[in-house]
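Visitor: My questions are about this predicted structure, shown below with the sequence.
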Amino acid sequence: MVTEYSLPSTLESVPTLFCLPYAGGAASAFWGMRKALADAAEVVPIHLPGRESRIAEPPRVSVGEIADEMASRTRRPYAVYGHSMGARIAFEVVRELRRRALPLPVCLYVGGAHPPDRKVPIAAAVDLPDDAFIDQLISRAGAREELRDMPELRELAMPVLRSDFGWIKEYRYTPEPPLDVPLVAFAGLDDAEVPPSVMLGWGRHTRSRFDLRAVRGGHLFLADRHADLTRFIARDLAGDGGPEPLEDDEVHLWLVTGNTSAADLVDMVTRRCGSDREALRCGTVHHDGLALAAVTRGHPVGVAIGRPGTPDGDALDDGSLGADEREQIEGTAEEDRPWVALRARTAKKALAAGSGADPALIGFPDLTAPGPWRPLAHRDPSPSADLTPWRVTHLPLPTPQGEVVAAVALPHDRMRLRFTALTGGSR
């Protein structure tokens, strides 16, 4: 099942990186990654039945069999990367290795995948006729157009695709303690099926470090572009804890638990974002034992936190909402009103913090829209109060105290998110 080849002597000291493919994918999906990480890791793709060298076997996914194959190779440092379906398989394989009391990976990397405790909406497409099924895969999952137009490719691919999506649909998450393994999630910037806000949910499944990176590309960014993905994995596996400069289109969010002053937080995150500190802009907020910082290169930024299930979080109106906003909230289902009000208040606070606008004069046209939210024209006529370029993005952030809602305000359309969760002692 595991790709076998002789390991060059120059790589004997580097970790193994086991790789599990997306639905319908195969070991060859990782050949580019093997080349790009040649100096950093021994990339070992997993051969699943029904494809490439195992095409004569019926397609299937067996977590136990994959764990059996990997078990003998866990004595040296290793990591695991899974893409889309492969991320869910990788997660279950690591949990199986933990049940067997075997050494755990130095890191679990997951890309383009719903967290395991959430359903995968596109999995329901497996029940559609072939043509409709393929249309869904092309439009939502980045599958190749040739699946629609080449009968020989369709005949070869359909049994594997239906088997893989059947496994995804039938998968049921069983609660267990979070992993004591660092977990790094990658999300395609143009992936509408699994956007970065959804990938943040993987943070619930580790008690160790959690990072999220938005990389350029769609759902199959593994095939689209390797540079962003492999550059970070190489740096991470090498344990390079030095500064990593921000790019112009990035915002880096840092969530810190514990007692951290605003000055210490700004100093810490700007040190970690590179030596060109004078070019960095930072917004911070403290909330009930949590500190959140948002750092950009040159762009003003505002950030706010709201916590569901608290008196201030569940209040329908604390005086900060206008009449039109209260009317919108009253038009939603009764059970949704506290959540809608929380998102509205958090968005207003983030936008006010970033733009300097008066929160009382900030409004949004649709409080039920998924986002990013565009503010209404500001009622203050001064040029400095122009909110037209600003956008507010809501992010569900996993924390030791439960999930909180963060809002990040930036004066441009595209936000390539980087997220790092640290404990108060992690500096």
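Guide: Perfect, thanks for sending it. Remember, predicted model here, so these are calculated numbers, not experimental data.
Visitor: Please point out which parts of stretch 20-37 sit buried.
Guide: Residues 20-27, 29-30, 32-34, 36-37 are the ones in stretch 20-37 that count as buried (16 or more other Cβ atoms under 10 Å). In this view, the C-beta of every residue, glycine as well, is placed from N, C-alpha and C.
Visitor: Please state the mean pLDDT value computed over it.
Guide: Along stretch 20-37, the predicted confidence averages to a pLDDT of 92.
Visitor: hmm, back to that, show me which of the buried residues of stretch 20-37 is closest to D127.
Guide: A23 (14.8 Å; Cβ to Cβ).
Visitor: Show me the domain layout of the chain.
Guide: The chain is divided into the following domains under automatic domain parsing: 9-237, 250-422.
Visitor: I'd like to know which of these has the weakest mean confidence.
Guide: domain 250-422 (a mean of 85).
Visitor: Over to that domain now: how far is its first residue from its last?
Guide: From the first residue to the last, domain 250-422 extends over 19 Å; the measure is Cα to Cα, to the nearest Å.
Visitor: Distance from that domain to the middle of the chain?
Guide: 18 Å (Cα atoms, centre = their mean, to the nearest Å).
Visitor: likewise stretch 159-167?
Guide: Taking Cα atoms, centre = their mean, one finds the center of stretch 159-167 at 24 Å from the center of the full chain.
Visitor: i'd like the first residue to be 738 from this point on
Guide: Sure thing, new numbering starts at 738, so read that last one as stretch 896-904.
Visitor: Now that stretch: buried residues?
Guide: Going by neighbour count (16+ other Cβ under 10 Å), the buried part of stretch 896-904 is 897-904.
Visitor: Going along the chain, name the helices of the stretch 738-887 of the chain.
Guide: All helices of the stretch 738-887 of the chain, identified by DSSP state H, counting those that start in this stretch, fall at 768-773, 800-808, 822-836, 867-878, 883-886.
Visitor: Pick the most deeply packed of those.
Guide: With neighbours defined as mean count of other Cβ atoms under 10 Å, these peak in mean count at helix 822-836, which reaches a mean of 22.
Visitor: Does it pack against any helices or strands, and if so which?
Guide: In terms of contacts (3 or more Cβ pairs under 8 Å, 6 or more residues apart in numbering; DSSP states H and E), helix 822-836 is packed against strand 753-757, helix 800-808, strand 815-820, strand 845-848, helix 888-907.
Visitor: Try it again at 6 Å.
Guide: strand 753-757, helix 800-808, strand 815-820 (3 or more Cβ pairs under 6 Å, 6 or more residues apart in numbering; DSSP states H and E).
Visitor: Please name the nearest non-neighbouring residue to P1126.
Guide: Taking Cβ to Cβ, 6 or more residues apart in numbering as the measure, P1126 lies nearest to P1148, with 4.3 Å between them; neighbours along the chain are not counted.
Visitor: my guess is that neighbour meets R1128, correct?
Guide: No. With contact defined as Cβ atoms under 6 Å, P1148 does not count as touching R1128 (7.8 Å).
Visitor: Common neighbours of the two, please.
Guide: Common neighbours of P1148 and R1128 (criterion: Cβ atoms under 6 Å, 6 or more residues apart in numbering): none identified.
Visitor: thinking again about what came up before, make TSV from the helices and strands packed on helix 822-836 and add distance to A960 to it.
Guide: As requested, the helices and strands packed on helix 822-836 are arranged in TSV below (distance: least, Cβ to Cβ, whole Å):
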stretch	distance to A960
strand 753-757	13
helix 800-808	22
strand 815-820	9
